[in-house]
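J.: Based on what follows, work out the 3D shape:
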Amino acid sequence: ADVFTDAEKAALKYVEQATVEKDVSEDVFQTVQQYFDDQEIVEMTWLNATQNYYNLINKPLNIGSDNLCNR
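T.: Below you'll find the model as predicted:
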């Protein structure tokens with residue numbers, strides 16, 4: 001969508017591929033490197049991994065989002 005910058009699109013593609021495929025292609029990684037430095041990529045990867053971890057716990061235990069999604 002045009003509401004996202006090229007950097008945001010690269011980040012979204014990166015975390016989506018990491019989440020779905022548990023790996024990131026060289027093309028996607030090179031694209032993300034155009035917009036983010038090494039520390040930012042590590043932070044993005046860590047945040048994505050922790051959110052996936054929380055979801056793996058919350059969903060089976062039926063722990064909701066405290067209505068944060070309803071806003």
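J.: who touches the residue nearest to residue 49 when sequence neighbours are not counted in this structure?
T.: Nearest residue to residue 49 in three dimensions, chain neighbours excluded: residue 18, at 7.9 Å (C-beta to C-beta, 6 or more residues apart in numbering). Every C-beta, even on glycine, is put in place using the N, C-alpha and C of the backbone. Residue 18 makes contact with 24, 45, 48-49, according to C-beta atoms under 8 Å, 6 or more residues apart in numbering.
J.: now swap in residue 29 and tell me
T.: Applying C-beta under 8 Å, 6+ apart, the residues contacting residue 29 are residue 14.
J.: In terms of helices and strands, where is it?
T.: Element membership for residue 29 (DSSP states H and E) is helix 26-35.
J.: can you check residue 20 too?
T.: Using DSSP H and E, residue 20 falls in helix 6-21.
J.: re earlier: ok, now how distant is the residue nearest to residue 49 from residue 12?
T.: 11 Å (C-beta to C-beta, to the nearest Å).
J.: gap between the residue nearest to residue 49 and residue 47?
T.: Distance from residue 18 to residue 47, by C-beta to C-beta: 11 Å.
J.: Need the pLDDT of residue 42.
T.: You'll see residue 42 listed with a pLDDT of 98.
J.: Please disregard the earlier target; I meant residue 14.
T.: The model's pLDDT for residue 14 equals 98.
J.: tell me, which helix in the protein spans the most residues?
T.: In the chain, with assignment by DSSP state H, the single longest helix is helix 38-58.
J.: got the buried residues for it?
T.: Neighbour counts using 16 or more other C-beta atoms under 10 Å place 41, 44, 48 of helix 38-58 among the buried residues.
J.: I appreciate the help and will end here.
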